[in-house]
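Novice: Sequence unavailable; structure follows:
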C-alpha cells in the first residue's frame, strides 16, 4: 500500500501528547504517570515492541501497515461481542458534521442529513472490523445504526463503547490513543 499523508480525511488533526489525548477521551481531570505508562505498555505488547531505554520504541510502534495489521488481529481476537459504540464526543463530530456542529449550517438541514449519514451522536452495533485499512483512516469498523438499521463503515479511532469500564472500552481507548499519538 502506498504511503499517504498523515492528515486524517475527517479533517481532524492529530493532537499531541498521550496525557492530553487521554484527558480528552476519558473526560478526566488528570491522568497519572502510572496510567500513561500502563497504557503504553499494553500498546507496545500488542505491537510486539520490546520496551527498553531505546528511543526507537516509538518508531517501532508507529502507525503503519504492519502495525495496523497487528492491531487488527489483536482486536478481532480480544473484542467481546456484542459491542455498542458511539462517536467520541470530545472529537466533536464525523467529518461531514463539522459545518453544523461548529457553526455555519442550519439546524434543520443538519437533522435531515443525520437521517442519511452517520452522526457522532448515534449509537451503533459494532458488527466487525474491516480488513481494509490505511494510514490515513487507520482501522475501520463495520457498524449498524441502532435507530434505523443503516450500515456504515467508520474509522475506529472516532468510536468509543457506550459501556464504561469494560474490556471493550479499554481496547478501543488504547487503539485510539495509539492511532492518534503514534500516527
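Specialist: Looks like it arrived, so ask away. Bear in mind that the values here come from a model prediction, so they are computed numbers and not experimental data. Numbering: from 1, shown residues only.
Novice: How far away from the center of its chain is the helix or strand containing residue 84?
Specialist: Using DSSP states H and E, residue 84 falls within strand 83-87. With Cα atoms, centre = their mean, to the nearest Å as the basis, strand 83-87 stands 11 Å off its chain's centre.
Novice: Direction included, what does that strand pair up with?
Specialist: Using DSSP bridges, strand 83-87 pairs in its sheet with strand 123-129 (antiparallel), strand 159-161 (antiparallel).
Novice: Out of those strands, which one sits most buried?
Specialist: Here the criterion is mean neighbour count by mean count of other Cβ atoms under 10 Å, and of those the winner is strand 159-161, at a mean of 22. The C-beta positions use only the backbone N, C-alpha and C, and glycine is treated the same way.
Novice: C-terminal to that strand, what's the next element?
Specialist: Using DSSP H and E, the first helix or strand after strand 159-161 is helix 167-182.
Novice: and that following helix, what other elements does it pack with?
Specialist: Here helix 167-182 touches helix 18-26, helix 33-46, helix 65-78, strand 159-161, going by 3 or more Cβ pairs under 8 Å, 6 or more residues apart in numbering; DSSP states H and E.
Novice: mean confidence for the first one?
Specialist: It refers to helix 18-26. Averaging pLDDT along helix 18-26 yields 37.
Novice: Lowest mean pLDDT across the helices and strands packed on helix 167-182, which one is that?
Specialist: Of all the helices and strands packed on helix 167-182, mean pLDDT reaches its minimum on helix 18-26 (a mean of 37).
Novice: Any stretches of the chain with poor pLDDT?
Specialist: Within the chain, the stretches with pLDDT under 70 are 1-36, 52-55, 57, 90-92.
Novice: Leaving out chain neighbours, which residue sits closest to residue 147?
Specialist: Nearest residue to residue 147, sequence neighbours excluded (Cβ to Cβ, 6 or more residues apart in numbering): residue 122, at 6.5 Å.
Novice: contacting residues for the one you found?
Specialist: Counting by Cβ atoms under 8 Å, 6 or more residues apart in numbering, residue 122 touches 86, 87, 114, 145, 146, 147.
Novice: could you list every residue that touches the residue lying closest to the first one once chain neighbours are set aside?
Specialist: Distances taken as Cβ to Cβ, 6+ apart put residue 123 closest to residue 86, at 5.1 Å, once the chain neighbours are dropped. Residues counted as contacts of residue 123 (Cβ under 8 Å, 6+ apart) are 84, 85, 86, 145, 146, 147, 162.
Novice: Mind checking which of those are buried?
Specialist: Neighbour-count burial (16 or more other Cβ atoms under 10 Å) applied to the contacts of residue 123 gives 85, 86, 145.
Novice: and the one residue sitting closest to the centre of the chain, which of the three is it?
Specialist: The centroid of the chain falls nearest to residue 157 when counting by Cα atoms, centre = their mean (1.2 Å). At residue 157 the chain is in helix, as set by DSSP: H, G, I helix; E, B strand; the rest coil.
Novice: Please consider this matter closed, and thank you.
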